[in-house]
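# pasting the structure only:
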Ligand SMILES: [Zn+2]
Ligand SMILES: [Zn+2]
């Protein structure tokens, strides 16, 4: 079973790489039309991938079909680092890869930027779900730049009113 899952993942990763490289070779996307320094492209690119993740996360809450998969992540009654691992594989594979492909096509981003985004995002996912006790002032300071566990905890409340808020994964709070 695990070998089948591994092969499906490998195949799907190939599809994502192929799709993004195809858009790149066709020079499709904003950064192919406007010239910006590499470092600026890197920072803006990572932010744009994250913005796309944010919106796809929001849609996972209001599109009933996608919510059926995303609710697996919300089924954990007590949040800790392992909550991040409780996600439906179809949601991660299909929904969020569509987000990455779309962001690459719109903004003209490549696999290097996507790789860097995930190097930052995966530890952030573990951190934001962590069951940590820390001073509240960190939410008001560090929380302006990254999603702290207390901010994300609201999103994991069982009450629907709170679950449908605080969608941020790693970006700045003004996007909430
Ligand atoms: Zn959610
Ligand atoms: Zn979560």
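Nice, thanks for sending it over. In this text the structure is predicted, and so the values were computed from the model without any measurement. Ligands and ions are numbered 1, 2, ... in the order given.

# distance-wise, check residue 152 relative to residue 131.
Counting by CB to CB, to the nearest Å, the gap from residue 152 to residue 131 is 11 Å. Heads up, the C-betas are built off the backbone N, CA and C, glycines and all.

# between these two, which one's more packed in?
residue 152 (23 against 12; other CB atoms under 10 Å).

# look up the pLDDT of the more buried one for me, please.
Looking at residue 152, its pLDDT is 90.

# quick one: it and residue 127 touch, right?
No: Residue 152 lies out of contact with residue 127 (CB atoms under 8 Å); the separation is 9.2 Å.

# can you list residues touching both of residue 152 and residue 131?
Taking CB atoms under 8 Å, 6 or more residues apart in numbering as the contact rule, residue 152 and residue 131 both touch residue 79.

# what about the spatially most central residue of the chain, which helix or strand?
For the chain, residue 53 is the residue whose C-alpha lies nearest the centre (CA atoms, centre = their mean; 4.1 Å). Using DSSP states H and E, residue 53 maps to helix 38-62.

# these two touch, right, residue 104 and residue 20?
Yes: the pair residue 104 / residue 20 is scored as a contact, 4.5 Å apart, by CB under 8 Å.

# the more surrounded of these two?
Neighbour count, other CB under 10 Å: between residue 104 and residue 20, residue 104 has more, with 28 against 21.

# where's the more buried one relative to residue 95, distance?
16 Å.

# likewise for residue 47?
From residue 47 to residue 95 the distance is 20 Å (CB to CB).

# neighbour-wise, which of these two wins?
Between residue 47 and residue 95, residue 95 has the larger neighbour count (other CB under 10 Å), namely 19 against 15.

# contacts for stretch 23-38, please.
Outside of stretch 23-38, the residues that reach it under the criterion CB under 8 Å, 6+ apart are 41, 44, 45, 101, 104, 105, 106, 107, 108, 109, 110.

# before we move on, what SS does residue 78 have?
With DSSP: H, G, I helix; E, B strand; the rest coil as the basis, the three-state label of residue 78 is coil.

# list the residues that contact it.
Residue 78 sits in contact with residue 131, where contact means CB under 8 Å, 6+ apart.

# good, we can wrap up now.
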